[in-house]
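Asker: Sequence first, then the predicted structure, then my questions.
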Amino acid sequence: MRKVVLDTETTGLDPKKGHRIIEIAAIELEGRKVSKKHFHHYLDPEREVDEEAARVHGFTWDMLRGNFKFSDIAASFLAFIDGAEILAHNAPFDISFINSELQRMGLPPLENPVLDTLALARELNPGKKNGLDALCSRYEIDNSHRTLHGALLDTELLAEVYIAMTRGQESLLIDEEAPAIKPALNACALRPKIRVLLPDEHEMSEHEKQLEAIDKASRGTCLWKQMENAA
């Protein structure tokens, strides 16, 4: 399945409060490489940008006026991600904003499979910082040019982070063209035969006494005794 790395920037934190997308970007992966196929637009949110959000990404409504609205690019965006698995960092945030925009247009929500790379990072690095900057540092990915959040730059960095986080998984894939490797020796034939030592009468008697003591202490709930009686 195609994989598309996605990111958005918004006017605020909650689409239920009327916040909108101001930038959307997606990059397609080709196997284990970042492709040149990408989708990117700055958008007119048709409302003010919260000051706190503007400090994160650097955009105000005045800077975005006159750009396409989400409704103008929705069809091309849906075509770009059609049939692809979506990878996003804190995916519920991005998906909720996109679905809110689609709902505003009277369109159904996304049905693409989604992988939350933040959840994946937390699973791989429990107890550590797993923001994008922290992951870039951990996996030695240059993010020195990331002074502000930006959807296109963040998708490029996240694509590299995802490839680094999942490095080694490709070795689990089977090369159908590779010749089968036959073992030179039968490993089972090299194993020494196991000596089986059976208990003598005294040991069996002591074993039975131990079971009786356990059964008495547990008020008749000794599992071994129950199994013997059943047999």
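Answerer: The structure has been received and is ready for your questions.

Asker: Mind listing what's buried along stretch 39-56?
Answerer: Along stretch 39-56, these residues count as buried under the neighbour rule (16 or more other CB atoms under 10 Å): 39, 41-45, 49-50, 53-54. Where C-beta positions appear, they are placed from N, C-alpha and C, glycine not excepted.

Asker: Gly66 against Glu46, yeah?
Answerer: No. With contact defined as CB atoms under 8 Å, Gly66 and Glu46 do not form a contacting pair (11.5 Å).

Asker: Where in the chain is the helix or strand with the lowest mean pLDDT?
Answerer: In the chain, the helix or strand scored least confidently by mean pLDDT, DSSP states H and E is helix 187-190, which has a mean of 50.

Asker: Point out the other elements, helices or strands, that the helix or strand following that helix touches.
Answerer: Counting by DSSP states H and E, the next helix or strand C-terminal to helix 187-190 is helix 201-217. Contact partners of helix 201-217 among helices and strands, from 3 or more CB pairs under 8 Å, 6 or more residues apart in numbering; DSSP states H and E: helix 223-230.

Asker: So which residues make contact with the helix it packs on?
Answerer: For helix 223-230, the external contacting residues (CB atoms under 8 Å, 6 or more residues apart in numbering) are 211-212, 214-215.

Asker: how far is that helix from where the chain is centred?
Answerer: 47 Å (CA atoms, centre = their mean, to the nearest Å).

Asker: Tell me where the chain is predicted with low confidence.
Answerer: Where the chain drops to pLDDT under 70, the residues are 147-148, 168-196, 224, 230-231.

Asker: Okay, domains of it per the record?
Answerer: Domain assignment for the chain by automatic domain parsing gives 2-172, 201-230.

Asker: all strands for the chain, in order.
Answerer: Taking DSSP state E as the test, the strands found in the chain are 2-10, 21-30, 33-42, 84-88, 114-116.

Asker: In contact with the residue lying closest to Thr221 once chain neighbours are set aside, which residues are there?
Answerer: Once flanking residues are discounted, Thr221 sits nearest to Asp215: 7.6 Å by CB to CB, 6 or more residues apart in numbering. Applying CB under 8 Å, 6+ apart to Asp215 gives the contacts 221-222, 225.

Asker: Among the contacts of helix 223-230, which pair sits farthest apart?
Answerer: With CB to CB as the measure, no two of those lie farther apart than Glu212 and Ile214, at 7.4 Å.

Asker: sorry, back to before: which of the contacts of Asp215 ranks first by neighbour count?
Answerer: Comparing the contacts of Asp215 by number of neighbours (other CB atoms under 10 Å), Cys222 comes first, having 19 neighbours.
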